[in-house]
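[1] return atomic coordinates for the entry below.
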Amino acid sequence: MVSAYVLSLREGIEAALVLGIVLSMLRQMSRLDLAAPVWLGAGSAAILSLITAVLLTIFGLELKDPGEAIFEISTMLLAAGILTWMIFWMSRRARQVKQELESGVQKASEAGKWSLFGLAFLAVLREGVELALFLTAAAISSGERQTLIGALFGLATAGLLGWVLFASTVRLDLKRFFQITGILLIFFAAGLVAHSLQVFNELGWIPAGIQHVWNLNPILNDQSAVGQVLATLFGYNGSPSLTEVLAYLIYFGVVGLGLWWTGSKSVRGIQNGLKTKSNVR
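    Numbers count the residues shown, from 1 in each chain. Predicted structure coming up:
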């Protein structure tokens, strides 16, 4: 439930930010007459995203082993891949999100109602389809009921925060928001990768190496309430196999090195830009 809440909160806030920025820009431009196509586009995207989530869930439930296991592995690895892409995207683009979106609203408002419809539709659809995939992966590891409850609470919280942010003078620090949620997403993605290795072990497709590297269940059972929260949010397993542990550590190592390299590249780009300006002067 916790992982579904965090994912829904993050995706919901991003969608709410998009709508809030678009509507704020229209209000500043005295063009609130163009708000209707924005809401229509967002609503259409939300309905299509819900249909996608339902179809994915139905498809997964109707499968039988080994098809069910293959679907489970594919969904978790695909979700982990998209989450990883989001993590790197956030590390590079967090500062420019608002400026780029405001520029897009300006151009869309000049082009007409259908452009604003398309802007809202595509922005919300992207978040909705991603969330549908993530929740399918979360449901596989934590159950449909808990995932649904977490998702509803997450979206409700996101809607409330979005309304507060743009109905008052409060403004969200996008860079800090993306940093915090990015850290949580790294753990969740690593947990998905490790859990997929557990399924591979159960199918016998990848050897476990060592069946149980350690056993922490007497201290913190992964079937307890706290253990299940840690399992769905961080991929906790009280008695993991060697390949699960290696998958978890390798994922963290690769993502950590990638973020470090991306950050170093950005710093070098800024330094080169400052040097160029200094030379011009």
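
[2] my guess is residue 189 contacts residue 84, does it?
    Yes - contact status for residue 189 versus residue 84: in contact at 5.6 Å, counting by C-beta atoms under 8 Å. C-beta coordinates here come from the backbone N, C-alpha and C atoms, glycine included.

[3] please enumerate the shared neighbours of those two.
    Overlap of the contact sets of residue 189 and residue 84 (by C-beta atoms under 8 Å, 6 or more residues apart in numbering) consists of residue 255.

[4] flag the shaky bits of the stretch 101-250 of the chain, pLDDT-wise.
    101-112, 137-138, 140-144, 165-175, 177-178, 181, 229, 232-233 (pLDDT under 70).

[5] more crowded one of residue 189 and residue 84?
    residue 189 (27 against 20; other C-beta atoms under 10 Å).

[6] mind checking how far that one is from residue 131?
    Going from residue 189 to residue 131 by C-beta to C-beta, to the nearest Å gives 15 Å.

[7] residues of whatever helix or strand residue 194 lives in that come out buried?
    For residue 194, the host element (DSSP states H and E) is helix 174-203. Under the neighbour-count criterion of 16 or more other C-beta atoms under 10 Å, helix 174-203 has 174, 177-178, 181-182, 184-201 buried.

[8] repeat for stretch 34-51
    In stretch 34-51, counting by 16+ other C-beta under 10 Å, buried: 34, 35, 37, 38, 41, 42, 45, 46, 48, 49.

[9] number of residues surrounding residue 205?
    Using other C-beta under 10 Å, residue 205 has 13 other residues around it.

[10] quick one: contacts of stretch 201-220?
    Residues from elsewhere that reach stretch 201-220, judged by C-beta under 8 Å, 6+ apart: 66, 69, 197, 200, 223, 226-227, 230, 236, 238-246.

[11] against residue 16, how distant is residue 31?
    20 Å.

[12] how about residue 131?
    Using C-beta to C-beta, we find residue 131 at a distance of 13 Å from residue 16.

[13] could you do residue 205 as well?
    According to C-beta to C-beta, residue 205 and residue 16 sit 41 Å apart.

[14] residue 57 now?
    On the measure of C-beta to C-beta, residue 57 and residue 16 end up 24 Å apart.

[15] and the two? which has more neighbours close in?
    Comparing residue 57 with residue 16 by other C-beta under 10 Å, the one with more neighbours is residue 16, at 24 against 18.

[16] give the contact list for the more buried one.
    For residue 16, the contacting residues are 158, 159, 161, 162, 163, 165, by C-beta under 8 Å, 6+ apart.

[17] what about the fifth one, which helix or strand?
    Going back to what we said before, that points to residue 163. When the helices and strands are read off by DSSP H and E, the one containing residue 163 is helix 144-167.

[18] for that helix, enumerate the helices and strands it packs against.
    helix 2-28, helix 113-142 (3 or more C-beta pairs under 8 Å, 6 or more residues apart in numbering; DSSP states H and E).

[19] flag every buried residue along the shortest one.
    Think helix 2-28. Residues of helix 2-28 classed as buried by neighbour count (16+ other C-beta under 10 Å): 2-23, 25-26.

[20] just the angle between it and helix 174-203, please?
    Put simply, helix 2-28 runs at 150 degrees to helix 174-203, going by axes from the mean of the first three to the mean of the last three C-alpha atoms, to 10 degrees.

[21] could you give the mean pLDDT of helix 2-28?
    Average pLDDT, helix 2-28: 73.

[22] quick check: residue 227 touching residue 239?
    No - judged on C-beta under 8 Å, residue 227 makes no contact with residue 239 at a distance of 11.2 Å.

[23] neighbour-wise, which of these two wins?
    Neighbour count, other C-beta under 10 Å: between residue 227 and residue 239, residue 227 has more, with 18 against 14.

[24] can you classify residue 240 as helix, strand or coil?
    When classified by DSSP: H, G, I helix; E, B strand; the rest coil, residue 240 comes out as coil.

[25] and the helix or strand containing residue 45, what's its mean pLDDT?
    Assigned by DSSP H and E, residue 45 falls within helix 35-62. Averaged across helix 35-62, the pLDDT comes to 82.

[26] helices or strands up against the helix or strand that comes right after that helix?
    Later in the chain than helix 35-62, the nearest helix or strand by DSSP H and E is helix 67-93. Here helix 67-93 touches helix 35-62, helix 113-142, helix 174-203, helix 242-280, going by 3+ C-beta pairs under 8 Å, 6+ apart.
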